[in-house]
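Trainee: Next one to model:
(chains A and B)
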Amino acid sequence: MAKRAAPEVNAGSMADIAFLLLIFFLVTTTIPKDSGLNRKLPPMEENDEDVVIKQKNIFEVLINGKDQLLIENEIAELKDVRSLAIAFLDNNGDGSCNYCQGARDIKSSDNPDKAIISLKNERETSYATYISVQNELVAAYNELRNIRAIQVGPQRGFKGMNFVEMEAAYKDPKFNGNKDKLKEVIDQIRDEYPEKLSEVQ
Amino acid sequence: MSKFKNKKDDSLPAVNTASLPDIVFMLLFFFMVVTVMREDTLMIENRLPLADQVEKLDKKNPISYIYMGKPARGYEKFGTEARLQLNDKFAQISEVQAFINAERAALREELIPYLTVSLKVDREANMGIVGDVKQELRKANALKINYTTGTGDVMDNMDN
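Mentor: I've put the predicted structure just below:
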């Protein structure tokens, strides 16, 4: 009897397996997105008109070369930055801000629109400290805006959303709500707590 | 006669698909090998600081990357102070404007105002160099910047 060859394995489905793998990799490889703190630099043109700002409306943050913080001429720790900034922004010294809950200290800022945070650093300041302080200041604004969003949102049909969520929803193409209305709410809150952060060179 | 009849009937033999998996595997491996996230080869240390109030960097808009940090291992001859890296090589502060202009030249005109500059700065770098770069960016009128950070608690930045 002639030697019979072993029956060939059916390789027809191999392609399907490979395709399955290929599609799996195509779908699952998500490129890690960068994230960070967005800032806008002031334009180069110097406007010569001196704007007079009352000292009480400026919240001075100084970072020295040894990464120590001086806030309103007092030594502070990083963990205090946020609460100090919130107290300053939400102070409402002249009573013109009807949504603020601050202490209404006449020695502190008049209203959130006038309150300016001034950040000054030295050349030797480490980048990590600088970013940490920036982060805390952004957090202060976000916290105030979140509180405001929870107050304003329900009347405008965005119940239970804080400001950060509103912004995320606005950017999300899959959000199926009224985007124009959402934009209005976001802009209103942005106007109520404008981000006025100036950096001294 | 019936002996030959069978052979005449199946005149159209099926195409041999045995090599199809090989082709697909070749494709698979090609994609697996080739898909490298296009990023510059870093010649500096680049441990980004952490922050938790971060916003996603929108990939829809054009992004240029500027790296800063002290030279990595193997590049010690460039010193231990933080240096600036543009594209794949060390650069001077004065080259920032030219870099931004080159990046702009590569863009479609309508996208130019949306160019965001992502600053990837090592956490141990000091603010001197960052301030200088920011000043150059202002001169180049590239005002949208992003301090690219990792996501985490800022308190961890302090104890390196």
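
Trainee: what are the phi and psi values for residue A:8?
Mentor: phi -70, psi 140 (degrees, to the nearest 10).

Trainee: What of residue B:149?
Mentor: phi -130, psi 170.

Trainee: what's the spacing between it and residue B:62?
Mentor: Separation of residue B:149 from residue B:62 (C-beta to C-beta, to the nearest Å): 20 Å. In short, each C-beta sits where N, CA and C put it, glycine included.

Trainee: now do residue A:43
Mentor: For residue A:43, the distance to residue B:62 - C-beta to C-beta - is 20 Å.

Trainee: near chain B, anything from the biggest helix by length in chain A?
Mentor: Ordering each helix of chain A by length in residues (DSSP state H) puts helix A:127-156 first. Yes - contact of helix A:127-156 with chain B (C-beta under 8 Å from any C-beta of the partner chain) involves A:127-132, A:134-136, A:138-139, A:142.

Trainee: Please, where are all the helices along chain B?
Mentor: Using DSSP H, helices in chain B cover B:2-9, B:20-34, B:96-105, B:127-139, B:155-158.

Trainee: Quick check: residue A:119 is in a strand.
Mentor: Yes - the assignment for residue A:119 (DSSP: H, G, I helix; E, B strand; the rest coil) places it in a strand.

Trainee: Residue B:149 and residue B:62: which has the busier surroundings?
Mentor: Between residue B:149 and residue B:62, counted using other C-beta atoms under 10 Å in any protein chain shown, residue B:149 has the larger neighbour count: 29 against 17.

Trainee: mind listing what the nearest residue to that one once chain neighbours are set aside touches?
Mentor: Excluding the flanking residues, the one nearest residue B:149 by C-beta to C-beta, 6 or more residues apart in numbering or on different chains is residue B:51, at 4.2 Å. By C-beta atoms under 8 Å, 6 or more residues apart in numbering or on different chains, residue B:51 lies in contact with A:36-37, A:131-132, A:134-135, B:147, B:149-152, B:154.

Trainee: now, among these, which is nearest to residue B:140?
Mentor: residue B:147 (17.6 Å; C-beta to C-beta).

Trainee: That closest one: what's it in contact with?
Mentor: A:36-37, A:39, A:131, A:134, B:51, B:119, B:121.

Trainee: rerun that using 10 Å as the cut-off
Mentor: Going by C-beta atoms under 10 Å, 6 or more residues apart in numbering or on different chains, residue B:147 touches A:36-39, A:127, A:130-131, A:134-135, B:48-49, B:51, B:54, B:118-121, B:130.
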